[in-house]
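Undergrad: output the structure for:
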Amino acid sequence: TYYVTQWVINSYGCKDSITKPVEIQPIFTFYIPNAFTPNGDKKNEGFKGLGIGIDNTTYNLWVFDRWGLMIYHAEDIDKAWDGHMLGHEDRPVLQEDVYVWKVKFNDIFGKLHEYHGTVTLVK
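TA: Model (predicted):
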């Protein structure tokens, strides 16, 4: 919160001022990439959202294959999809393809946000 003061003087020399608080609210942003490369080179290995002002207790990310089968789900914005099928992390990374994702969460103001899109897995 900042206090802003305005001083005025009219053409007759009369002076006055007023001070009011100006509250700067935190910002909200969300970004999610459209491609990632889980190929072991330590660059761009996982797929996850990034942002500011997100209530992580409400965060959900789902990834689906082209037939609508859910292949990944996360309830933490810091947890990235590594390209494996959910429950089959011992098997190789899924094939190079385009996958559908959906994300749903509340921001710190309690407003619900829902986004969807596609992500390309590139090896």
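Undergrad: so who does the residue most central in space within the chain touch?
TA: Geometric centre of the chain, nearest residue: F30, 3.2 Å, by C-alpha atoms, centre = their mean. By C-beta atoms under 8 Å, 6 or more residues apart in numbering, the contact set of F30 is 49-51, 54, 103, 113, 115. Quick note: C-beta positions are derived from backbone N, CA and C, even for glycine.
Undergrad: report the two of those separated the most.
TA: Using C-beta to C-beta, the two most remote members of the contacts of F30 are L50 and H113, lying 13.6 Å apart.
Undergrad: those two - which one has more neighbours?
TA: Counted by other C-beta atoms under 10 Å, L50 and H113 do not tie: H113 has more neighbours, with 16 against 12.
Undergrad: in the sheet, which strands lie alongside the helix or strand containing the more buried one, parallel or antiparallel?
TA: In the assignment (DSSP states H and E), H113 maps to strand 112-121. Strands that pair with strand 112-121, judged by DSSP bridges, come out as strand 35-36 (parallel), strand 97-107 (antiparallel).
Undergrad: right, and those - which one's nearest Q25?
TA: Smallest distance to Q25 across the strands paired with strand 112-121 (C-beta to C-beta): 10.7 Å, for strand 97-107.
Undergrad: just the buried members of the contacts of F30?
TA: Neighbour-count burial (16 or more other C-beta atoms under 10 Å) applied to the contacts of F30 gives 49, 51, 54, 103, 113.
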